[in-house]
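Undergrad: quick one, structure for this:
(chains A and B)
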Amino acid sequence: MIAHKTIRMTVNGTTYERSVEPRLLLSDFLRHEFGLTGTHVGCEHGICGACTIVVNGDSVRSCLMLAVQADGAAVETVEGLGTLQKLNPVQAAFQDQHALQCGFCTPGMLMTITDLIKKYPLASDAEIREGLSGNLCRCTGYEHIVKAVRALVRQPGSAP
Amino acid sequence: MKPPAFDYIAADNLEGALSALSAAGGDGKVLAGGQSLMPMLNFRLARPSVLIDINRVPGLAYVEATGSTVKVGALTRHHALEMSPVIKTHLPVVAAAMQHVAHLAIRNRGTIGGSLSHADPAAELPMLTLLLDARIGIHSPRGRRITDAGDFFVTSLVTSLEEDEIVTDIEFPKPARESGWAFEEVARRAGDFALAAVGVTIDARDRKCEQARIGLMGVGETPVRAHEAEALLRGQRLSDTLLDEAVASIRSAIEPNTDLHASSDYRRHLAGVLAKKAIRDAWRRADGDRQ
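TA: Here you go, the predicted model:
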């Protein structure tokens, strides 16, 4: 029997303390412990990007981190971005540009883009496509997702 | 897909990590960025009894230029290497290659020490250490040792690391300021592992190649240096004939694998195409641009 570990982490601004089994993935922890099922679980080996979240300001695959590793961390999930009444700028750009269809990849896309627009100028479509290349979408053909990012980076002060 | 059960130790310092790894007696795994180890755990291809997490060990993440070298801490994230002004200035071939490493969310976590220890034959950083004659610093309870990158990679996913050893630092000799360089890679999709890639550095003097380094990845069980082709270029002026000889030498020296992504013949052909372009570009940067 493996001993559980006690961890504290801030999730979307609220601090929690929980006892977890070491092998518990951060993706499963967020979904099962807090019902934050916006973080989607696709491939569970870091290929599809659906489970991308932001930990201490950096986008990460939550299926490639253990919950216990996020002890002391500030975690942001798609649920923390905006509300139905007030979408954040990345969400609003997705709505404006019709950048989603089935929605499975959308949370990972939104969290990835949140980090991309902080770290790269995304001045060309090639750079935007390169930035999105770690997130798989099987509906849109990516065209409208690229348009949403283009719209975001061309609006000064649009960073969330 | 869930990892098998394991115990977990978050080491506070290097000594703690080394003693925990040693105590695990070969059944422990070091967890750094986790971008290769975590998929292996999720697939249950790895079943260690204990993970020793070194992410909280201080003093292992840095990029520093010294007089003649660039030192990189093993816990330096790929994204930090990608953005480092020291790397851009002194090791531009590394900066260029980092653009090909996976995706931002992976580069935010993945570490150079982890990439070297995992030793995927199609990964960029192992090839770059071999290309640039880097020296790899390793700690164990017995102390510190340093190994040449050329002695580190044994075969696919196997290194000369003993089971109680941890890679702690990498030292790259600074190429001469006027050294030319190039990095060429082809992968099926952006961020995928390379089907083949080539890195080249060339030092030129009096319009002749003084020293050439040619590294390849994705074309065998480990990254490789094309020593014969390097020797062909040494002391010569670059011509189309010489370039073709070097490419032929590279193609005959490698033994690529066939897998579902590409055949051995295709990879051999591709390696030659990429090498030709990379040698020409490195030569132009070393010589032509300043003439």
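
Undergrad: use CA for all of it now, contacts and neighbours both
TA: Will do.

Undergrad: surely A:Arg31 meets A:Thr37?
TA: Yes: at 4.8 Å, A:Arg31 counts as touching A:Thr37 under the criterion of C-alpha atoms under 8 Å.

Undergrad: ok, those two, which is more surrounded?
TA: Just comparing A:Arg31 and A:Thr37: by other C-alpha atoms under 10 Å in any protein chain shown the higher neighbour count belongs to A:Thr37, 18 against 15.

Undergrad: surely that one touches A:Leu30?
TA: Yes: with contact defined as C-alpha under 8 Å, A:Thr37 reaches A:Leu30; the gap is 7.4 Å.

Undergrad: between those two, which contacts overlap?
TA: Common neighbours of A:Thr37 and A:Leu30 are not found (criterion: C-alpha atoms under 8 Å, 6 or more residues apart in numbering or on different chains).

Undergrad: SS state for B:Glu184?
TA: strand (DSSP: H, G, I helix; E, B strand; the rest coil).

Undergrad: beta partners for it?
TA: B:Val198 (DSSP bridges).

Undergrad: flag every buried residue along stretch B:19-35.
TA: Of all the residues in stretch B:19-35, those buried under the rule 16 or more other C-alpha atoms under 10 Å in any protein chain shown are B:Ala20, B:Leu21, B:Ser22, B:Ala24, B:Gly28, B:Lys29, B:Val30, B:Leu31, B:Ala32, B:Gly33, B:Gly34, B:Gln35.

Undergrad: so what's the second one up against?
TA: By C-alpha under 8 Å, 6+ apart, the residues touching B:Leu21 are B:Gly28, B:Lys29, B:Val30, B:Ile52, B:Glu163, B:Asp164, B:Glu165.

Undergrad: just the ones in strands from those, please.
TA: B:Gly28, B:Lys29, B:Val30, B:Ile52 (DSSP state E).

Undergrad: measure the first one to B:Val50 for me?
TA: When C-alpha to C-alpha, to the nearest Å is the yardstick, B:Gly28 and B:Val50 sit 5 Å from each other.

Undergrad: top helix in chain A by residue count?
TA: For chain A, the longest helix by residue count, based on DSSP state H, is helix A:106-119.

Undergrad: quick check: pLDDT value at the spatially closest residue to A:His144 that is not a sequence neighbour.
TA: Excluding the flanking residues, the one nearest A:His144 by C-alpha to C-alpha, 6 or more residues apart in numbering or on different chains is A:Ala99, at 4.7 Å. pLDDT for A:Ala99: 98.

Undergrad: ok now do A:Ala99, which residues does it touch?
TA: A:Ala93, A:Thr140, A:Tyr142, A:Glu143, A:His144, A:Ile145, A:Lys147, A:Ala148.

Undergrad: give me the distance from the helix or strand containing A:Gln95 to the chain's centre.
TA: In the assignment (DSSP states H and E), A:Gln95 maps to helix A:89-97. How far helix A:89-97 lies from its chain's middle: 15 Å, per C-alpha atoms, centre = their mean, to the nearest Å.

Undergrad: report the angle between that helix and helix A:106-119.
TA: 120 degrees (axes from the mean of the first three to the mean of the last three C-alpha atoms, to 10 degrees).

Undergrad: where does B:Thr168 sit: helix, strand or coil?
TA: strand.

Undergrad: my guess is it contacts B:Lys71, does it?
TA: No: assessed by C-alpha under 8 Å, B:Thr168 is found out of contact with B:Lys71, at 10.7 Å.

Undergrad: run through the stretch 151-291 of chain B and note the low-pLDDT ranges.
TA: Along the stretch 151-291 of chain B, segments meeting pLDDT under 70 span B:288-291.

Undergrad: could you list the domains of the chain?
TA: I went with chain A, as the question did not name one. A:5-79, A:89-154 (automatic domain parsing).

Undergrad: right idea, wrong chain: chain B
TA: Split by automatic domain parsing, chain B gives B:7-53, B:63-173, B:180-286.

Undergrad: okay, those in a markdown table with distance to A:Thr10 next?
TA: What follows is the domains of chain B, written out as a markdown table (distance: least, C-alpha to C-alpha, whole Å):
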| stretch | distance to A:Thr10 |
| --- | --- |
| domain B:7-53 | 19 |
| domain B:63-173 | 19 |
| domain B:180-286 | 31 |
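
Undergrad: so which of the ones you listed is nearest A:Asn12?
TA: In terms of C-alpha to C-alpha, the element of those nearest to A:Asn12 is domain B:63-173, at 18.8 Å.

Undergrad: which residues of chain B lie near chain A?
TA: For chain B, the residues found near chain A under the criterion C-alpha under 8 Å from any C-alpha of the partner chain are B:1-8, B:34-35, B:38-39, B:42-43, B:102-106, B:108-109, B:189-191.

Undergrad: if we ignore the residues flanking it in sequence, what's nearest B:His90?
TA: Nearest to B:His90 is B:Lys174, by C-alpha to C-alpha, 6+ apart, at 6.2 Å.

Undergrad: ugh, wrong one, B:Ile136
TA: Nearest one to B:Ile136, counting by C-alpha to C-alpha, 6+ apart, is B:Ile170 at 4.6 Å.

Undergrad: ok, A:Arg61 next?
TA: Closest to A:Arg61 by C-alpha to C-alpha, 6+ apart is A:Thr52, at 4.5 Å.

Undergrad: that's a strand at A:Ile7, yeah?
TA: Yes: counting by three-state DSSP, one finds A:Ile7 located in a strand.
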